[in-house]
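Asks: Coordinates only, no sequence provided:
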């Protein structure tokens, strides 16, 4: 028996709950026939395993690249006398493009329905297929396992109309499995290194799929060597999960003593405990198991017609493809792959689809949030064949909105100063190219003393300031400086092609949309068609008039029009992080020998790079590459709506981050009001803040709490357990004790 417990990680995580829903819509294959044209060798099972996404993952491997298997290699290096390496298959060296096997049946049902092989809905077929497998297992005597043929005997027994098509249905399931099987990043390199160490390799799997089929997949993925052996429960008549019988069969066939063999697998019970029961060394390798974000996406497979499950699978593949060396890096990758990437890519697929429907040939992505969106859109269009000209536009509220104030109304002034409710008078004036010196005569009328100049204006003071700015003498000064800004802004936009006579759209993360309004009005004043906007979310402000505002398509929630999905707390902050750019805010434009170029506020590039932005953006790009290279059947499911799933993943991260996630994302360099000042997104709370329950002032309260010391977290929890009236009474008492005695 082994002398030590070489487990690598924690036990398997629990599975998500299922939800049912039915959606009807025009098939995406009919909307975009050029995308879903049959690809070469699509009828060959072996060819299907060599999909573009598999090639992407294989191309990223190199003998020197770090991978998820590095920890396993260290554990194996401590073992002595090992001659046989037993390796589990699924979620160890191979995985699927979906998070759970049940999604295979849902995608299969869609394929069968499209071919007219079933009359039931894909959802009903998927449930019937899952129940048939359950019944087949109930009838299998220990320690034997079931076969695919046995499952379909049960299926056709329950649904006799399918009996004439049983062989065809089995063949279609094998085809679907072949389309979905992917290599785990690093597996090929890791296996090659073990062979170089003269270890014999035996693949061991509890699986109903045929042994010959699995061998073909391993060969096609570059994971097989002629000297390897394969032991599959459906062919061997015994299982790992039933008293380790399959392990005993392997040892007997390989003529190897238990202490000379080690098994590596993802399942704590079947791969670790059962192997140890038989006497083998065992290494638990759960990294390819779905994490909590992938499980949340997978739980919405029924409502998204398996689209969210494909997103979960791409999240897993992107996560495994990013080698990480520290808890900080692992937390960045886990959240980027499981939360940020599905949302951004889902939004961009929706945007590109809507743009094509409306005949938009050019999309501008507004800086800075648009930088990563532009990169992802370029990859998606290249892979999917979308003929859309994607361009990145260097703009900001500060650099752009003043350009419309050469002849302005008070409404124009309000649009130019959106999101100013938390700004002091100095920052508001800066956005209008003014200074305090320009309005010194007006300060008494505004009832603003010098000690209040650096405090955020209240609503009354802000309205008074707008009234004064809209009148003389400020009006003339603003118009004069607006004219100078407009010349430079229009010059840059002219260079960028914004004033070309083409149908164009603007893409941004969200907000009130003031930049979209400015750009649209600058086009219409030249006699051009207005733009069409696309945003993840849209805020609402009843004081802002919507005259002149362009059409805006909103993905998640449109507060202005009162439509969309439920509010997700922290969405704006999360999008600001996920869509961070590697340059500062555009403060204006200037003439150079190269033409008119943007001018940036400096210093931010180095700070976000040190935090880990390149790793986050690389994870996003791998996610998009893997997802966009799926086969036509999978792409059709991918373009279905998965927005409800995004709400779950965003909420899990924002409201209940893990300790490493709070530490990594909490130290993000957060800009205060898009200005030069920065702070951490969530810094640890002090004992005083915990006792006073002053967490509301934090940008990310849950992140701050998780980063705080243990006694601080305990104080916060105890405080929340106290009824609210009693809490208010205690705080009042504490404040009275702090007041100096008269």
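Replies: Now that the structure is in, tell me what you want to look at. Not measured: the values here are computed from a predicted model.

Asks: how about the helices in the stretch 451-600 of the chain?
Replies: Secondary structure of the stretch 451-600 of the chain (DSSP state H, counting those that start in this stretch): helices at 459-470, 474-495, 514-524, 571-578.

Asks: Please identify the deepest-packed of these.
Replies: Highest mean neighbour count of the helices of the stretch 451-600 of the chain: helix 514-524, a mean of 22 (counted as mean count of other CB atoms under 10 Å). Just so you know, the C-beta spots here come from the backbone N, C-alpha and C atoms, and that holds for glycine as well.

Asks: List the contacts of that helix.
Replies: Contacts with helix 514-524, where a contact means CB atoms under 8 Å, 6 or more residues apart in numbering, come from 364, 366, 395-397, 400-401, 403-404, 415-416, 418, 489-490, 493, 498-499, 506, 508, 529-531, 533, 548-550, 552.

Asks: Break down the stretch 251-400 of the chain into its strands, ranges please.
Replies: Secondary structure of the stretch 251-400 of the chain (DSSP state E, counting those that start in this stretch): strands at 261-265, 281-284, 362-366, 389-393.

Asks: what's downstream of whichever helix or strand residue 155 is part of, the next helix or strand?
Replies: Per DSSP states H and E: residue 155 is located in helix 148-158. Next helix or strand after helix 148-158 toward the C-terminus (DSSP H and E): helix 166-180.

Asks: Give the buried residues for that next one.
Replies: For helix 166-180, burial by neighbour count (16 or more other CB atoms under 10 Å) applies to 169-170, 172-180.

Asks: before we move on, the earlier item: of the helices of the stretch 451-600 of the chain, which is nearest residue 120?
Replies: Taking CB to CB, helix 571-578 is the member of these nearest to residue 120, at 37.8 Å.

Asks: Mind giving me the packing neighbours of that closest one?
Replies: strand 504-511, strand 532-538, helix 643-655 (3 or more CB pairs under 8 Å, 6 or more residues apart in numbering; DSSP states H and E).

Asks: let's go with 6 Å and repeat that
Replies: With contacts taken as 3 or more CB pairs under 6 Å, 6 or more residues apart in numbering; DSSP states H and E, helix 571-578 sits against no other helix or strand.

Asks: what's the neighbour count on the residue nearest to residue 290 when sequence neighbours are not counted?
Replies: Among residues not flanking residue 290 along the chain, residue 99 sits closest, at 4.5 Å (CB to CB, 6 or more residues apart in numbering). For residue 99, the count of nearby residues is 30 (other CB atoms under 10 Å).

Asks: I'd guessed residue 99 sits against residue 300; true?
Replies: No - Residue 99 is beyond contact range of residue 300, at 10.8 Å (criterion: CB atoms under 6 Å).

Asks: least trustworthy helix or strand in this structure by mean pLDDT?
Replies: None of the helices or strands of the chain scores lower by mean pLDDT, DSSP states H and E than helix 28-31, at a mean of 36.

Asks: What are the boundaries of the helices in the stretch 1-150 of the chain?
Replies: 28-31, 45-49, 52-60, 70-77, 101-114, 122-139, 148-158.

Asks: how about a markdown table for these, with mean neighbour count and distance to residue 387 added?
Replies: Formatted as a markdown table, these follow (neighbours: other CB atoms under 10 Å; distance: least, CB to CB, whole Å):
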| stretch | mean neighbour count | distance to residue 387 |
| --- | --- | --- |
| helix 28-31 | 14 | 14 |
| helix 45-49 | 18 | 27 |
| helix 52-60 | 17 | 19 |
| helix 70-77 | 16 | 43 |
| helix 101-114 | 22 | 26 |
| helix 122-139 | 18 | 31 |
| helix 148-158 | 18 | 42 |
